[in-house]
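Q: Next comes the sequence, and after it the predicted model I'd like to discuss.
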Amino acid sequence: MLKRCISAEWMKLRDSHIWMILMILPIISVLIGSVNFYMNQGVLKKEWYSLWSQVGLFYGEFFFPILIAICCAYMWRLEHHNKNWNMIMTAPVPTTSIFLSKLIVVGILMIAVQIFFFILFFLGGKLAGITADLPRELAGWLLRGWIAALSISSLQLALSMHIRSFATPIGIGLCATFIGLGMYVAHLGLFFPHSLLTIGMGVLSQTSLSFSESLLFIIMNLLYIAVICTGAIYRMSRSDVVA
Amino acid sequence: MNQIVSTHGLSKRYGDTYRVKDVNLSVNEGDIYGFLGPNGAGKSTTLKMILGLTRPTDGKVTVFGKNFGANRRLILSQIGSLIESPSYYGHLTGFENMRVIQKLRDVPDKNVTEAFKIVRLENQKDKRVGQYSLGMKQRLGIAMAILSFPKLLILDEPTNGLDPAGIGEIRELIKSLPQRYEMTVLISSHLLSEIEQMATSVGIINDGMMMFQGSMTALKNKNRPTIMVKTQNNKLAQKLLLAKGFSPQQNEDALLFENLTDHQTAAVNRSLVEANIDVMRIEEHKKNLERIFLDITGKERSL
């Protein structure tokens, strides 16, 4: 059932322009970050780590959450338009599958985005003349970034499902990145999805997480995903369809 | 006969007002059930409650003899529907749109080909639906609804936006569905003429309440002529005729009789003349279906 919904979601993404957004935002973040790094090599001496601190700041704190918000808003925009709510809600599939299939598709897209971002980061570093080996924490940052991205995706999907406007949930997402930054600074990062991204991707502190920190990080993300999805799905199955 | 859809005391309230109140709708197997009512009478709301798109405030929906709430997926897998206006993804072609539904409904490829053929969109299926005309979108909507060749087809104003030739074609198509595919059709419309040409059963809803439900023949039987008798003194005439066992009704400046045979008409006339009441006119009035519909819905204004 879920598989059928996922393949229907893939079908809907054909010929859409969402790919452009998914590529442009990482390119911008790496571009700004790398130029910043290149111009200030006098102060930024830790090679890949310094580059990550620059690129990651733009990507993890700003462009990536926005990219997720846009992607999630797009997924629901498809249904908000042209009475498609009537169609999906009269299809013989559970509402759970409808919501989860969107989350899974966004999740797959985010893997692609993270890989693309990694390639850009690598190219940026090489072009800026870094010769050292890639940091061993890198894979962890990317993976944890993806896990936190799933939490943010759940939140954004729930918002965009409920709010018919395309821009409003993205605006809320933008506010959330600032709140996330504040929570991180106040050491309450575990209690906000956007701060989890900051922690997970090692944006502001490039020291790697200890085992227990990692475990807590994953548990918190799973908790967010579970709670938000359950709430959204419950709401979906309970409220009247407005197409 | 098997009941395919039945609702019991179905109601939907928004705030203080009932959009649909106590509707007991019943559709039998093999019927083409015409659900008729003026704009805003509650047709779409009722259909949406049958499909589970809207949650009833009160009442029960039974489809294929099963309670909707407990058997949602099973029931939906055997219903095809087109509600309000067609659903579509504008950036996808007609064919890709059908593929989306095909995936959700898990039906074989040949259904897609056949559904396109039935609505005669084969040649347009590779065009983006965003560029379709309103009529083509409507056809696509119907194709999507019949894609799984369901036992029950629910169509909400399916001929909206079609040109006269298209309307005729869709009408013939709908009429053929019960025999060709053993479908039961529940179709709503605000146009009596449309329903008259297709339906075997009729439900008439107005202001959220079911005003009439029965076979098309029963509705047409309401179409009995009335005899209007205009006399010099209607009051006196009424009194006299009541005493003679007739049941005239006072209507403006005349008396109205229902179910009067020719002989009885003659007898009425004779009695009046003998009582020295001048008879000025005797007219036969035939109500057409339009008139019956207006009487039932009490709406002269908009249909």
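A: Received, thanks.
Q: So residue A:236 is in contact with residue A:162, correct?
A: No - assessed by Cβ atoms under 8 Å, residue A:236 is found out of contact with residue A:162, at 9.0 Å. C-beta here means a position set from N, CA and C on the backbone, and glycine is covered the same way.
Q: Is it correct that residue B:280 falls within a strand?
A: Yes - counting by DSSP: H, G, I helix; E, B strand; the rest coil, residue B:280 is located in a strand.
Q: Okay, buried residues for the worst-scoring helix or strand of chain B on mean pLDDT please.
A: Lowest by mean pLDDT, DSSP states H and E among the helices and strands of chain B is helix B:289-297, with a mean of 76. Residues of helix B:289-297 classed as buried: B:289, B:292-294, B:296-297 (neighbour count, 16 or more other Cβ atoms under 10 Å in any protein chain shown).
Q: For those, give me CSV that also has distance to residue B:130.
A: Below are those laid out as CSV (distance: Cβ to Cβ, whole Å):
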residue, distance to residue B:130
B:289, 40
B:292, 43
B:293, 38
B:294, 40
B:296, 41
B:297, 37
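Q: Can you tell me which of those lies closest to chain A?
A: Taking Cβ to the nearest Cβ as the measure, residue B:297 is the one of these closest to chain A, at 25.8 Å.
Q: Without its sequence neighbours, what residue ends up closest to that closest one?
A: residue B:206 (4.1 Å; Cβ to Cβ, 6 or more residues apart in numbering or on different chains).
Q: Would you mind naming the residues that bridge with that neighbour?
A: residue B:209 (DSSP bridges).
Q: Please report the distance of it from residue B:215.
A: 19 Å (Cβ to Cβ, to the nearest Å).
Q: the more surrounded of those two?
A: Counted by other Cβ atoms under 10 Å in any protein chain shown, residue B:206 and residue B:215 do not tie: residue B:206 has more neighbours, with 19 against 14.
Q: For the more buried one, which residues are in contact?
A: B:37-38, B:41, B:296-299 (Cβ atoms under 8 Å, 6 or more residues apart in numbering or on different chains).
Q: Where neighbours are concerned, which of those residues has the most?
A: Each of those was scored for neighbours by other Cβ under 10 Å, and residue B:37 scores highest at 27 neighbours.
Q: Looks like it contacts residue B:297 (just checking).
A: Yes - counting by Cβ under 8 Å, residue B:37 touches residue B:297, with 6.8 Å between them.
Q: got any residues that touch both of those two?
A: Common neighbours of residue B:37 and residue B:297 (Cβ under 8 Å, 6+ apart) are B:204, B:206.
Q: low-scoring stretches of chain A, by residue?
A: Applying pLDDT under 70 to chain A flags no residue at all.
Q: Would you tell me which residues of it are close to chain B?
A: A:4-5, A:7-8, A:11-12, A:14-16, A:78, A:81-94, A:238-241, A:243 (Cβ under 8 Å from any Cβ of the partner chain).
Q: Quick check: which element contains residue B:269?
A: In this structure, residue B:269 sits in helix B:262-274 according to DSSP states H and E.
Q: and if you look at residue B:27?
A: Using DSSP H and E, residue B:27 falls in strand B:26-28.
Q: which is the next helix or strand following that strand?
A: Strand B:26-28 is succeeded, C-terminally, by strand B:32-36 (DSSP H and E).
Q: what helices or strands is whatever helix or strand comes next after that next one leaning on?
A: With elements assigned by DSSP H and E, the helix or strand that comes after strand B:32-36 is helix B:43-50. Counting contacts by 3 or more Cβ pairs under 8 Å, 6 or more residues apart in numbering or on different chains; DSSP states H and E, helix B:43-50 packs against strand B:3-14, strand B:17-23, strand B:32-36, strand B:58-63, strand B:152-156, strand B:184-189.
Q: Reformat the ones you listed as CSV; add mean pLDDT, distance to residue B:165 and mean neighbour count.
A: Output for the helices and strands packed on helix B:43-50, formatted as CSV (pLDDT from 0 to 100; distance: least, Cβ to Cβ, whole Å; neighbours: other Cβ atoms under 10 Å in any protein chain shown):
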stretch, mean pLDDT, distance to residue B:165, mean neighbour count
strand B:3-14, 95, 31, 19
strand B:17-23, 94, 34, 19
strand B:32-36, 95, 21, 26
strand B:58-63, 95, 34, 18
strand B:152-156, 96, 19, 24
strand B:184-189, 95, 18, 24
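Q: need the ones you listed in JSON lines with distance to residue A:72, can you?
A: Putting the helices and strands packed on helix B:43-50 into JSON lines (distance: least, Cβ to Cβ, whole Å) gives the following:
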{"stretch": "strand B:3-14", "distance to residue A:72": "30"}
{"stretch": "strand B:17-23", "distance to residue A:72": "33"}
{"stretch": "strand B:32-36", "distance to residue A:72": "38"}
{"stretch": "strand B:58-63", "distance to residue A:72": "33"}
{"stretch": "strand B:152-156", "distance to residue A:72": "31"}
{"stretch": "strand B:184-189", "distance to residue A:72": "35"}
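Q: In JSON lines, list the ones you listed along with distance to chain A.
A: JSON lines is the format used below for these (distance: least, Cβ to the nearest Cβ, whole Å):
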{"stretch": "strand B:3-14", "distance to chain A": "9"}
{"stretch": "strand B:17-23", "distance to chain A": "11"}
{"stretch": "strand B:32-36", "distance to chain A": "17"}
{"stretch": "strand B:58-63", "distance to chain A": "12"}
{"stretch": "strand B:152-156", "distance to chain A": "9"}
{"stretch": "strand B:184-189", "distance to chain A": "13"}
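Q: Could you find the closest non-adjacent residue to the residue nearest to the spatial centre of chain B?
A: Taking Cα atoms, centre = their mean, the centroid of chain B lies closest to residue B:35, which sits 2.4 Å from it. Computed as Cβ to Cβ, 6+ apart, the closest residue to residue B:35 that is not its neighbour in sequence is residue B:188, at 4.1 Å.
Q: Then residue A:194?
A: Excluding the flanking residues, the one nearest residue A:194 by Cβ to Cβ, 6+ apart is residue A:180, at 2.7 Å.
Q: sec struct for that neighbour, please.
A: Secondary structure assignment for residue A:180 (three-state DSSP): helix.
Q: how about the helix or strand containing residue A:103: buried residues?
A: Assigned by DSSP H and E, residue A:103 belongs to helix A:95-127. Of the residues in helix A:95-127, A:95-107, A:109-110, A:113-114, A:117-118, A:120-122, A:124-125 count as buried by neighbour count, 16+ other Cβ under 10 Å.
Q: after it, next one along is what?
A: Sequence-wise, the next helix or strand downstream of helix A:95-127 (DSSP H and E) is helix A:138-162.
Q: could you check the angle helix A:95-127 makes with that following helix?
A: Interaxial angle of helix A:138-162 relative to helix A:95-127 (axes from the mean of the first three to the mean of the last three Cα atoms, to 10 degrees): 140 degrees.
Q: what's the offset of helix A:138-162 from the middle of its chain?
A: Its chain's C-alpha centre and that of helix A:138-162 lie 4 Å apart, by Cα atoms, centre = their mean, to the nearest Å.
Q: swap in stretch B:81-89?
A: 19 Å.
Q: Same check on stretch B:16-28?
A: 14 Å.
Q: Extract the residue ranges of the stretch 151-300 of chain B that are flagged as low pLDDT.
A: The model of the stretch 151-300 of chain B has pLDDT under 70 over residues B:223, B:299-300.
Q: quick one: contacts for residue B:163?
A: residue B:135.
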